[in-house]
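1. take a look and give me a structure for this.
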Amino acid sequence: MIPKRIENALHERHVWYKELVHPEAYTAQEIAATLHVKGKELAKPVMVLSDGKLVMAVLPATWKVNFGKLKKVLGKKDVRLAREEEFKAMFPDCETGAEPPFGNLYDVQTLVDRSLTQDENIYFNAGTHYEAVEMKYKDFEEMVKPEVAEFAERL
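-> Residues are numbered from 1 along each chain as shown. Sure, this is the predicted structure:
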């Protein structure tokens, strides 16, 4: 079940989306495979701490965060991967590791890697390890209003 706050935001804006159920999967690449979509179309949020503040960095499943680039984008020296216990309380309606890329709805700064903006549709976890959402990237960007930057690189 999509977290209510996301479902409500989608409905309020009359945005087209599709709920997808898939076999339980824990990595972004596994999810892409179970959904039969290209890894570059699956948005994976990576939670980082930037000078002690939580930031959601959203990138394609087949890419990884380049922390050197991310530090420059954020203008911070202290940027590191957040540990689960540092962010799971921020997403009480999601399974840990299955957070959707809607940081704005959880009061978390959201960055999107430019590489994700190139496809018409994106896919992402819907708060569980067995549900996903498909929607138009342009609708996602209008809803979330993320900062778009280059901070990721191919695996």
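
2. give the next helix or strand downstream of the least confident helix or strand in the chain by mean pLDDT.
-> Least confident helix or strand of the chain, by mean pLDDT, DSSP states H and E, is helix 28-35 with a mean of 92. Scanning forward in sequence from helix 28-35 by DSSP states H and E, the next helix or strand is strand 43-50.

3. give the buried residues for the least confident helix or strand of the chain.
-> For helix 28-35, the neighbour count (16 or more other C-beta atoms under 10 Å) marks Ala28, Glu30, Ile31, Ala32, Ala33, Thr34, Leu35 as buried. (Glycine included, C-beta is placed from N, CA and C.)

4. can I get the residues you listed in JSON lines including distance to Pro45?
-> Supplementary listing: the buried residues of helix 28-35 in JSON lines, determined by distance: C-beta to C-beta, whole Å:
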{"residue": "Ala28", "distance to Pro45": "9"}
{"residue": "Glu30", "distance to Pro45": "16"}
{"residue": "Ile31", "distance to Pro45": "12"}
{"residue": "Ala32", "distance to Pro45": "14"}
{"residue": "Ala33", "distance to Pro45": "19"}
{"residue": "Thr34", "distance to Pro45": "18"}
{"residue": "Leu35", "distance to Pro45": "16"}
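
5. the least confident helix or strand of the chain to strand 43-50, inter-axis angle?
-> Helix 28-35 runs at 160 degrees relative to strand 43-50, counting by axes from the mean of the first three to the mean of the last three C-alpha atoms, to 10 degrees.

6. tell me the helices and strands packed up against helix 28-35.
-> strand 121-125 (3 or more C-beta pairs under 8 Å, 6 or more residues apart in numbering; DSSP states H and E).

7. who are the packing partners of the strand it packs on?
-> helix 28-35, strand 43-50, strand 131-136, helix 137-144.

8. bridge partners for the closest residue in space to Glu147 that isn't next to it in sequence, pull those for me.
-> Leaving aside its sequence neighbours, Glu147 sits nearest to Leu111 (C-beta to C-beta, 6 or more residues apart in numbering; 5.0 Å). On the basis of DSSP bridges, Leu111 is bridged to Ala57, Glu147.
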